[in-house]
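> Got a predicted structure here, sequence first:
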Amino acid sequence: MSGTELSSQTNAVAESGVKLRQPKMYAVTMHNDDVTTMDFVVDVLVRVFRKPPAEASRIMMDIHNNGSGVAGVYTFDLAVTKKIQTERLAHEKGFPLRLTVDELQE
């Protein structure tokens with residue numbers, strides 16, 4: 001689909017009176033445990049959640065110090081996909097890392 005076709009469709013939707021709304025967003029939270037290494041958590045935050053290393057280290061320290069930390073905020077499908085990818089990587093390394101996906105309240 002070309003940009004012109006997409007623009008025409010977007011204008012048609014706007015003119016039809018159909019209200020588009022933003023998708024609901026979900027926080028992916030990592031929970032601290034006594035087994036998963038800090039290095040693994042930082043690595044996952046960089047590789048799976050695409051965080052810069054400094055931000056990944058800050059999130060890891062939040063998880064370590066507060067018991068949990070938000071790894072990222074995404075639409076539902078992306079949040080669940082990142083949760084599953086991370087849990088699979090953790091399982092392969094023998095880590096019990098637990099993640100939850102929670103809808104953000106408006």
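Good, I have the coordinates.

> where do the strands sit along this protein?
In the chain, the segments counted as strands under DSSP state E are 26-31, 68-74, 98-103.

> hey, which of those strands is tucked in deepest?
Each of the strands of the chain was scored by mean neighbour count; the highest is strand 26-31, a mean of 20, by mean count of other CB atoms under 10 Å. Glycine gets a C-beta too; all of them are placed from N, C-alpha and C.

> Which residue, neighbours along the chain excluded, lies closest to T37?
Spatially, and ignoring its direct neighbours in sequence, T37 is nearest to F95 (7.4 Å; CB to CB, 6 or more residues apart in numbering).

> Who are the contact partners of that neighbour?
Contacts for F95 (CB atoms under 8 Å, 6 or more residues apart in numbering) come out as 33, 35-37, 40.

> so what's E103 bridging to?
Applying DSSP bridges to E103 gives these bridge partners: Y26.

> Distance of it relative to P23?
The gap separating E103 from P23 is 11 Å, by CB to CB, to the nearest Å.

> list the residues that contact both of the two?
Listed as contacting both E103 and P23 by CB under 8 Å, 6+ apart are F76.

> Whichever of the contacts of F95 end up buried, select them in PyMOL.
The buried residues among those can be selected in PyMOL (16 or more other CB atoms under 10 Å) with this line:
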select buried, resi 36+40
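
> so where is the chain shaky, pLDDT-wise?
Residue ranges of the chain with pLDDT under 70: 1-14.

> quick one, helices of it?
Remark: helices assigned in the chain by DSSP state H are 3-16, 38-47, 53-66, 76-93.

> Give me whichever of the ones you listed is most buried.
Of all the helices of the chain, helix 38-47 has the most neighbours on average by mean count of other CB under 10 Å, namely a mean of 18.

> by contact count, what packs against that one?
helix 53-66, helix 76-93 (3 or more CB pairs under 8 Å, 6 or more residues apart in numbering; DSSP states H and E).

> quick revisit: output the helices of the chain as CSV; include the columns distance to A27.
CSV is the format used below for the helices of the chain (distance: least, CB to CB, whole Å):
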stretch, distance to A27
helix 3-16, 29
helix 38-47, 14
helix 53-66, 12
helix 76-93, 8
